[in-house]
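S.K.: Have a look; sequence and predicted model below, questions after that.
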Amino acid sequence: MDIFKHLLSSQSAHTRVCTSYRALFSFFHFSSDASIQVHSPEQEVVIALGSNVGDRLNNFNEALTQMKKSGIEITRHACLYETEPAYVTDQPLFLNSAIRGVTKLGPHELLSSLKKIEKELGRTVGIRYYSVTPRKQVR
């Protein structure tokens, strides 16, 4: 409630907003046996990105451009982190990040689209290793 006091200048406006806010909460009060199903053509996705070959930053930018063109609307982008390779250590450092977005693509279409982008950006088939390593933020 204090945030409303700071945002609104008059007490009457504050009362109207708080009353509307309470009405909104009472609208969402359901009995314990109620269920809600939401069917939306768009799905929220989180996609991890990483690059350790060539111009890593350019690879990220190009991947983001291609993802937008393929029907993924990017809503958030995490920081870039530079990490050392795990398991096979005789390779360049990685740049890693993640994006959050929404898409109308189904899971299989989304995966196919991302694999196509990887291939277009020069990804070659090879062994993939998954690891959690300490991260250093790139500024």
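M.R.: Looks like it arrived, so ask away.

S.K.: Looking at strand pairing, list the partners for residue 99.
M.R.: Counting by DSSP bridges, residue 99 forms beta bridges with residue 47, residue 77.

S.K.: Show me where this protein dips below the pLDDT cut-off.
M.R.: 1-40, 126-139 (pLDDT under 70).

S.K.: Sketch out the helices for it, chain order is fine.
M.R.: 2-7, 11-27, 56-69, 107-120 (DSSP state H).

S.K.: show me the contacts for residue 57.
M.R.: Counting by CB atoms under 8 Å, 6 or more residues apart in numbering, residue 57 makes contact with 80, 95. Glycine gets a C-beta too; all of them are placed from N, C-alpha and C.

S.K.: Relative to residue 99, how far out is it?
M.R.: Counting by CB to CB, to the nearest Å, the gap from residue 57 to residue 99 is 15 Å.

S.K.: cool, residue 45 as well?
M.R.: Look at residue 45 and residue 99: by CB to CB, they are 8 Å apart.

S.K.: my guess is residue 71 contacts residue 104, does it?
M.R.: Yes - the pair residue 71 and residue 104 passes the contact test of CB atoms under 8 Å, sitting 6.2 Å apart.

S.K.: since we're on the residue lying closest to residue 49 once chain neighbours are set aside, how many residues are nearby?
M.R.: Nearest residue to residue 49 in three dimensions, chain neighbours excluded: residue 97, at 5.0 Å (CB to CB, 6 or more residues apart in numbering). By other CB atoms under 10 Å, 18 other residues sit near residue 97.

S.K.: Quick one: residues contacting residue 97.
M.R.: Counting by CB under 8 Å, 6+ apart, residue 97 has contacts 48-50, 60, 77-81.

S.K.: just residue 107 next, same as before
M.R.: Contact partners of residue 107, counting by CB under 8 Å, 6+ apart, are absent.
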